[in-house]
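Chemist: no FASTA, just this:
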Ligand SMILES: C[S@@+](CC[C@H](N)C(=O)[O-])C[C@H]1O[C@@H](n2cnc3c(N)ncnc32)[C@H](O)[C@@H]1O
């Protein structure tokens, strides 16, 4: 979901992470962000990931068994997690959309960092994602899923489930909770496929109709919103 050069640009030019840092990854899964971050940060840095899934944390520990001195993981439910201000950076990716009270988790992320520390949240906006889909087929109608998604997203939201706009709401939560110097970016990655096996993967990933398998190419803008701010 990332162009490596854009992620490196964020780390070095936007977040300016140029000294050893302690990072805490909320809802780390198998350590996807650790894989992206570790090669880019200074020697002397450390990373810890927390996730509710024991299976994913076991997978993460296996993947990072050779860097145990700087990378560690913990199984915990973030709803019960009690933060301490030990870290320079608290980050999460594709987590808040799964939680019913994202503001509470952002508060915990803020409580995890020292004064001047950085809080970073990377979350999708389903509406942008849907608008960013293009399939090179005469059958393609860019509006075909709108009514279905509108109904589904609305009912999920009303039932307290996933929020289809979460990415766009994070900066607003951050501001209200008191983070400073808030910045917002959009991931520049576009999934562009032309090969047969990739087209099948695309149809599965984006839930597009299998009638499109004969299309020449398919594009999806991932549209993850990257919000960040500092603790005063
Ligand atoms: C879509 S995955 C994203 C994983 C990872 N951040 C990444 O970018 O690959 C969402 C993750 O949030 C974790 N998660 C969901 N609810 C959680 C909770 N209450 N406490 C801790 N982790 C949670 C899930 O187990 C899952 O690994």
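Modeler: Done, it's in. Quantities reported herein were computed from a predicted structural model and do not represent experimental measurements. Numbering: from 1, shown residues only.
Chemist: Which residues of the chain lie near the ligand?
Modeler: Residues of the chain lying close to the ligand by CB under 6 Å from any ligand atom are 27-29, 32-33, 51-53, 56, 77-79, 93-95, 98-99. All C-beta atoms are positioned from the backbone trio N, CA, C, and that covers glycine.
Chemist: Let me know the outermost residue of this structure.
Modeler: residue 138 (33.1 Å; CA atoms, centre = their mean).
Chemist: Which of the three states applies to that one?
Modeler: coil (DSSP: H, G, I helix; E, B strand; the rest coil).
Chemist: need the helix or strand of this protein with the lowest average pLDDT.
Modeler: The least trusted helix or strand in the chain, going by mean pLDDT, DSSP states H and E, turns out to be helix 146-158, with a mean of 83.
Chemist: Do you have the strands of the protein handy? List them.
Modeler: 22-26, 46-51, 71-75, 87-93, 113-124, 133-135, 180-186, 190-193, 218-221, 224-230 (DSSP state E).
Chemist: on that earlier part again, per-residue confidence for the residue farthest from the centre of the chain?
Modeler: What the model reports as pLDDT for residue 138 is 91.
Chemist: Now do it against residue 215, distance only.
Modeler: The gap separating residue 138 from residue 215 is 9 Å, by CB to CB, to the nearest Å.
Chemist: Equivalent analysis for residue 68, please.
Modeler: For residue 68 relative to residue 215 (CB to CB), the value is 46 Å.
Chemist: Looking at these two, which one has more neighbours?
Modeler: Neighbour count, other CB atoms under 10 Å: between residue 68 and residue 215, residue 215 has more, with 20 against 10.
Chemist: The residue lying closest to the more buried one once chain neighbours are set aside: what's it in contact with?
Modeler: Distance criterion CB to CB, 6 or more residues apart in numbering; nearest residue to residue 215, sequence neighbours excluded, is residue 137 at 3.7 Å. Contact partners of residue 137, counting by CB atoms under 8 Å, 6 or more residues apart in numbering, are 212, 214-216.
Chemist: Let me have those residues in JSON lines, extended by distance to residue 47 and pLDDT.
Modeler: Listed next are the contacts of residue 137 as JSON lines, based on distance: CB to CB, whole Å; pLDDT from 0 to 100:
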{"residue": "212", "distance to residue 47": "39", "pLDDT": "87"}
{"residue": "214", "distance to residue 47": "44", "pLDDT": "88"}
{"residue": "215", "distance to residue 47": "40", "pLDDT": "92"}
{"residue": "216", "distance to residue 47": "41", "pLDDT": "91"}
